[in-house]
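A.B. asks: any chance you can model this:
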Amino acid sequence: MTENKTALVAGGTGGIGEGLVQALITGGYEVYVPVRDIDQTERLRDYVADSPSLHPVPANLCDERAVAVMRDAVLRDRGRIDAVVVSVGAGYYGYRLHRMPREDWDQSILDNLVTHFNTQRVFIDQLRRQNGGVYVTLIGPEAENPGADAGMVSIMAAAQKMMTRVLAEESTDTKVRVHALTAHTTIHTRSRGENTNPDWITAGELGQYVLGLIEARIPGHDQVQHELRDLAHVRSMLGKR
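C.D. replies: This is a model prediction of the structure:
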């Protein structure tokens, strides 16, 4: 078990994010999560059995100054940030691109790219200054699969993936590891209940994969891009049957 390490999970209150948070807490990390909604905070506390290793921090990822304030709060508590995991984005469905209202386009850019940009600026800078750490971005399969009436989702996912690859390229002369992790199935979260498929990757096992990646225990952990095909693939990478 890893002792006395610190992780930040942006998007940790979501269905996928809570699986990431639980895995990191189980792995021995103190986990900080930016929050905006008290109900989501309580839901996450319930999921991790009110673990004392969970630390919600008020923050709006759309505001770079607020992200920097959050970083400073973590550093006051812990002195260092060992890993940053980002699972942030908002879906947008129902319009073809040529019919999409401009205000919806602007909002999607804010929710899906500005949030990532702010998080990257603040935390990559911190990891570089402390000369080490791991930054992981989770990306949906839409990045590779354009679809009618869901084109904005594909565009945003593809941009998030390229932003992360650029960060990795810019980090080759440092001790910071940057990874783009794409899951090519629906993620089975607890909100889906019994609505599942045996090929779907679970939020919990996705979290275990991320933990193993951070700790360099996953085959190919030195690679920038990680493509997870289905649950059997994830389990094989974790050494499970």
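A.B. asks: residue 176 touches residue 126, doesn't it?
C.D. replies: No - using Cβ atoms under 8 Å, residue 176 makes no contact with residue 126, being 9.7 Å away. From N, CA and C alone the C-beta is placed, and that goes for glycine too.
A.B. asks: identify the contacts common to those two.
C.D. replies: residue 133 (Cβ atoms under 8 Å, 6 or more residues apart in numbering).
A.B. asks: touching, residue 28 and residue 5? I think so.
C.D. replies: Yes - using Cβ under 8 Å, residue 28 makes contact with residue 5 at a distance of 6.6 Å.
A.B. asks: neighbour-wise, which of those two wins?
C.D. replies: A direct count of neighbours by other Cβ atoms under 10 Å for residue 28 and residue 5 places residue 5 higher, at 19 against 14.
A.B. asks: gap between the more buried one and residue 214?
C.D. replies: Per Cβ to Cβ, to the nearest Å, residue 5 is found 9 Å from residue 214.
A.B. asks: mutual contacts of the two, please.
C.D. replies: Residues touching both residue 5 and residue 214 by Cβ under 8 Å, 6+ apart: 82-83.
A.B. asks: just how off-centre is stretch 105-120 within its chain?
C.D. replies: What separates the centre of stretch 105-120 from the centre of its chain is 14 Å, taken as Cα atoms, centre = their mean, to the nearest Å.
A.B. asks: ok, stretch 38-54 next?
C.D. replies: For stretch 38-54, the distance to the chain centre is 17 Å (Cα atoms, centre = their mean).
A.B. asks: what about it, average pLDDT?
C.D. replies: Here stretch 38-54 scores 92 as its mean pLDDT.
A.B. asks: give the buried residues for that stretch.
C.D. replies: 40-41, 43-44, 47-48, 51, 53-54 (16 or more other Cβ atoms under 10 Å).
A.B. asks: and for stretch 91-99?
C.D. replies: residue 92.
A.B. asks: output it as PDB, restricted to C-alpha atoms.
C.D. replies: Only the C-alpha atoms of stretch 91-99 are listed here, as PDB (Å, rounded to 0.1, in the frame of the first residue of the first chain):
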ATOM      1  CA  GLY A  91     -22.100  15.900 -22.900                       C
ATOM      2  CA  TYR A  92     -24.000  17.700 -25.600                       C
ATOM      3  CA  TYR A  93     -26.500  15.900 -27.800                       C
ATOM      4  CA  GLY A  94     -29.400  16.700 -30.100                       C
ATOM      5  CA  TYR A  95     -28.000  19.200 -32.600                       C
ATOM      6  CA  ARG A  96     -26.100  18.800 -35.800                       C
ATOM      7  CA  LEU A  97     -23.100  21.100 -35.800                       C
ATOM      8  CA  HIS A  98     -24.500  23.400 -38.500                       C
ATOM      9  CA  ARG A  99     -27.700  23.900 -36.300                       C
END
